[in-house]
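1. Sequence and computational prediction follow.
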Amino acid sequence: MAGRVEPLGTLAELRAELAAGTSSVAQVERALARTEARADLRAFVRLRGEAALEEARAADVRRGAGESRSPLDGMPIAIKDNMVQAGEPAGCASRILEGYCSPYGATAIERLEAAGAVVVGRTNMDEFAMGSSTEHSVHGPTQNPWRSGCSPGGSSGGSAAAVAAGLVPVALGSDTGGSIRQPASFTGVVGMKPTYGRVSRYGLVAFASSLDQIGPFARTAAECAEVLDAMSGHDPRDSTSLPEPPTRCVEALCGDVAGLRIGLPRECFAEEGADAAVLERVRAVAAEFERAGAKLAEVSLPHTPHAVAAYYLICTAEASSNLARFDGVRYGHRAEGAKGLTDLYERSRSEGFGDEVKRRILLGTYVLSSGYYDAYYRKAQQVRTLLRRDFEAAFESCDVLLTPTTPETAFRIGERSGDPVQMYLSDVYTVSANLAGLPAASFPVGQVDGLPVGAQLLGAPLEDAAVLRGVDAWQQRTDFHLARPEDPA
Amino acid sequence: MSQLGREEALRLARLARLRLEPDEADALAADLRSILALAERLSEVDTDGVPPTSHVIPFATPVRSDDPVPSLAPELAVANAPAAYATAFAVPKVLENEEEG
């Protein structure tokens, strides 16, 4: 360990430091030094070092000339290893992309760079974003800053741990079935999955294209709002990006929830399958919102018990198709001494992919194969329609819905890796937002036995601002988001 | 539900261009059986007449103006190739001893 370096503060705190005379170079240096000092977390898989400092120097020059690009100018951020930056490696924590260097950049990141943000490095993840623990990584597991030996969740566990431990104020993740919200919950930070299509997926390595969405991690809803406003909006290079202008979430944060109608889905507070202490915390959050002037109502999402099954059929089907591009021909790992093209494909892929990725490719191949398509894939897409109708009905009488983010707090590394079904079932509260395309955020609401608990707010499609407004109002009234894990002695 | 065993796992692996050792195929077949057991519960849901979701937020097919823009330079496109010949990707011969899977 390279000695103690103090954690970085929020974007607002970093800006106050700049106003008081420090520089972006000093702040980026601190982000790099702190990441080195907390290498034990294995939150990052690559640091940009001198390239990041060079960009920070340019931000300082702009600031000195009164020409800052935006309030994000010079702010250090981290990105997940499945997003590409021109001229930089991108690995998806997989052996199959070892040595890959991207010839182009992701729209979301380019927009943040245009606002002046400085990408300090790439964060660890489950291989190709398939997992809920950040254990399935060629770089080894990320540690939870709250308790070594515990998982930070996944698949964006590196980004979550980086924000929780104060290595950076903001990090990007991707969320296909909860991969931003579950790690946010496990590490005590805010994590937001925007409405499907809000943020361009161009340059995000595809896992399940109808579910994937890029979103921010930060300590506060206000910071998530700032980042989302800067990177959202239509992108002609992603035909699934919505024909909408960028979000205007920052201006929607009024700190007020008077009259906000919050629905509590009955199925998400059922006792079975969830830790009683977690449910109790989330019920207490509902009561706190009510005291602040919100109106609570019980609602029903009757197809919730089928969401996990529908999700795993759809996401694996899409993954089996998306991951066909990794063939050892155009980029990535190629097996040595292959005899013929089929042999080259099979050996390159078998050597390059890890176990969880193979498992999902096989399942996806099965559900799309002749004779099973109707029974599994088509059925799952029909159930998805029913789930969307459940939400449409609930949002007729509610502005947002409140649920737990996860059934339990962080589990120990290795504890779940032998039982994929058990791991999948823990996604019960998060997959529905992806299946229905809804905006949803997890935010810290306290602890159980020293580990963070998260609650989730979901909004109707395009109501990203309503979700962040609710979380912001909660954070204005409470100080759970101020709790920080301690560095090891 | 089908009894998914080693042979079926190996067949799926061939379709997906993966190669599995026999014990690996056994383990994956067992995993797939338990995941499919979970998926079987969907058969309880009445989906008669329910259209499958094709896009979560329906909107009209996007069109943009037909303006030519530069595409990726061929040299950059092959820069990551494990083997390249000029601006082409090099692969083993495909016309001899190649079985179709």
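-> Looks like it came in fine.

2. drop to CA atoms for contacts and neighbour counts, all remaining ones
-> Noted.

3. helices or strands up against the top helix by length along chain B?
-> The single longest helix within chain B, with elements called by DSSP state H, is helix B:22-39. Contacts defined by 3 or more CA pairs under 8 Å, 6 or more residues apart in numbering or on different chains; DSSP states H and E place helix B:22-39 against helix A:307-322, helix A:355-368, helix A:420-425, helix B:6-15.

4. ok and the longest one relative to helix A:355-368, angle-wise?
-> Right, the one you point to is helix A:307-322. 90 degrees (axes from the mean of the first three to the mean of the last three CA atoms, to 10 degrees).

5. How about helix A:307-322 and chain B, touching?
-> Yes: using CA under 8 Å from any CA of the partner chain, we find that helix A:307-322 touches chain B at A:309-310, A:313, A:320.

6. and which of those residues is nearest to chain B?
-> Using CA to the nearest CA, A:A309 is the member of the residues of helix A:307-322 next to chain B that lies nearest chain B, at 4.9 Å.

7. Can you name the residues that contact A:V138?
-> A:93-95, A:127 (CA atoms under 8 Å, 6 or more residues apart in numbering or on different chains).

8. same thing but at 10 Å, please
-> Contact partners of A:V138, counting by CA atoms under 10 Å, 6 or more residues apart in numbering or on different chains, are A:45, A:91-96, A:98, A:124-127, A:352-354.

9. where does chain A dip in pLDDT?
-> Counting by pLDDT under 70, chain A contains low-confidence ranges at A:1-2.

10. ok and the residue in it nearest chain B?
-> For chain A, CA to the nearest CA, closest residue to chain B: A:Q382, 4.1 Å.

11. Hmm, B:P51 and that residue touching each other?
-> Yes: with contacts counted by CA atoms under 10 Å, A:Q382 reaches B:P51, the gap being 5.8 Å.

12. B:A88 and A:G332, how far apart?
-> 16 Å (CA to CA, to the nearest Å).

13. Excluding sequence neighbours, find me the nearest residue to B:E75.
-> Distance criterion CA to CA, 6 or more residues apart in numbering or on different chains; nearest residue to B:E75, sequence neighbours excluded, is B:T87 at 5.9 Å.

14. so who does the one you found touch?
-> Counting by CA under 10 Å, 6+ apart, B:T87 has contacts B:73-79, B:81.

15. Next: A:E415.
-> Shown in contact with A:E415 (CA under 10 Å, 6+ apart): A:150-151, A:423.

16. what about the residue of chain B found nearest chain A, how many neighbours?
-> Nearest residue of chain B to chain A: B:P52, at 4.1 Å (CA to the nearest CA). Using other CA atoms under 10 Å in any protein chain shown, B:P52 has 17 neighbouring residues.

17. before we move on, back to that, tell me which of A:Q382 and B:P51 has more neighbours.
-> The neighbour comparison of A:Q382 against B:P51 (other CA under 10 Å) goes to A:Q382, with 24 against 15.

18. From B:P58, how far off is that one?
-> 15 Å.

19. Assign B:A60 to helix, strand or coil.
-> coil (DSSP: H, G, I helix; E, B strand; the rest coil).

20. Can you verify my assumption that it contacts A:P243?
-> Yes: with contact defined as CA under 10 Å, B:A60 counts as touching A:P243 (9.3 Å).

21. Between these two, tell me which one has more neighbours.
-> More crowded of B:A60 and A:P243, by other CA under 10 Å: A:P243, with 16 against 7.

22. Which secondary structure element is home to the more buried one?
-> Under the criterion DSSP states H and E, no helix or strand holds A:P243.

23. ditto for A:Q382
-> helix A:379-397.

24. Next secondary structure element downstream of that helix?
-> That would be, after helix A:379-397 and using DSSP H and E, strand A:400-404.

25. That following strand vs chain B: in contact?
-> No: Strand A:400-404 is not in contact with chain B by CA under 10 Å from any CA of the partner chain; minimum separation 17.7 Å.

26. re the thing from before, what are the phi and psi values for the residue nearest to B:E75?
-> The phi and psi values for B:T87, taken as degrees, to the nearest 10, are phi -100, psi 30.

27. so what's it scoring on pLDDT?
-> Predicted confidence (pLDDT) for B:T87: 95.

28. tally of neighbours for residue 45?
-> If you meant another chain, say so; for now it's chain A. Neighbour count for A:V45, taken as other CA under 10 Å: 23.

29. oops, I was thinking of chain B
-> Counted with other CA under 10 Å, B:V45 comes out at 14.

30. so who does it touch?
-> Taking CA under 10 Å, 6+ apart, one finds A:303, A:306, A:379-380, A:382-383, A:386 in contact with B:V45.

31. A:L344 now?
-> Neighbour list for A:L344: A:327-329, A:334-338, A:350, B:17, B:91-92 [criterion: CA under 10 Å, 6+ apart].

32. Isn't A:A292 up against A:A258?
-> Yes: with contact defined as CA under 10 Å, A:A292 reaches A:A258; the gap is 6.6 Å.

33. Of these two, which one has the most company?
-> Legend: neighbour count by other CA under 10 Å for A:A292 and A:A258, higher for A:A292 (17 against 14).

34. phi, psi of the more buried one?
-> Torsion angles, degrees, to the nearest 10, at A:A292: phi -80, psi 0.

35. give me the number of residues near the residue lying closest to A:H306 once chain neighbours are set aside?
-> Closest residue in space to A:H306, ignoring its immediate chain neighbours: B:L42 at 6.4 Å, by CA to CA, 6+ apart. Around B:L42 there are 22 other residues, counting by other CA under 10 Å.

36. ok, B:L42 touching A:A307?
-> Yes: in this structure, B:L42 is within contact of A:A307 by CA under 10 Å, at 9.2 Å.

37. Most neighbours among the contacts of A:V138, please name it.
-> Neighbour max across these (other CA under 10 Å) = A:M125, 41 neighbours.

38. pretty sure that one is touching A:S159, no?
-> Yes: A:M125 is within contact range of A:S159, at 8.1 Å (criterion: CA under 10 Å).

39. check contacts around the residue most central in space within chain B.
-> Geometric centre of chain B, nearest residue: B:A16, 6.4 Å, by CA atoms, centre = their mean. For B:A16, the contact set (CA under 10 Å, 6+ apart) comprises A:320-321, A:323-324, A:345-346, A:349, A:358, A:361-362, A:364-366, B:10, B:101.

40. One more: A:D390?
-> A:D390 touches A:299-304, A:384, A:436, counting by CA under 10 Å, 6+ apart.

41. and what of A:E98?
-> Counting by CA under 10 Å, 6+ apart, A:E98 makes contact with A:89-92, A:138, A:331-333, A:352.

42. Spatially, which two of those are the most separated?
-> Farthest apart among the contacts of A:E98 by CA to CA are A:V138 and A:Y331. That separation is 17.7 Å.

43. Helix, strand or coil: sort out the residue lying closest to A:G328 once chain neighbours are set aside for me.
-> Once flanking residues are discounted, A:G328 sits nearest to A:R334: 4.4 Å by CA to CA, 6+ apart. Secondary structure assignment for A:R334 (three-state DSSP): coil.

44. just checking, A:R334 touches B:A90?
-> No: A:R334 lies out of contact with B:A90 (CA under 10 Å); the separation is 11.5 Å.

45. okay, and the common contacts of those two?
-> Common contacts of A:R334 and B:A90 (CA under 10 Å, 6+ apart): B:81-83.

46. quick revisit: filter the contacts of A:L344 down to just the ones in helices.
-> For the contacts of A:L344, the ones inside helices are A:S350, with DSSP H as the criterion.

47. how about B:V56, what does it touch?
-> So B:V56 contacts A:195-197, A:210-211, A:384-385, A:388, A:434-438, A:461 (CA under 10 Å, 6+ apart).
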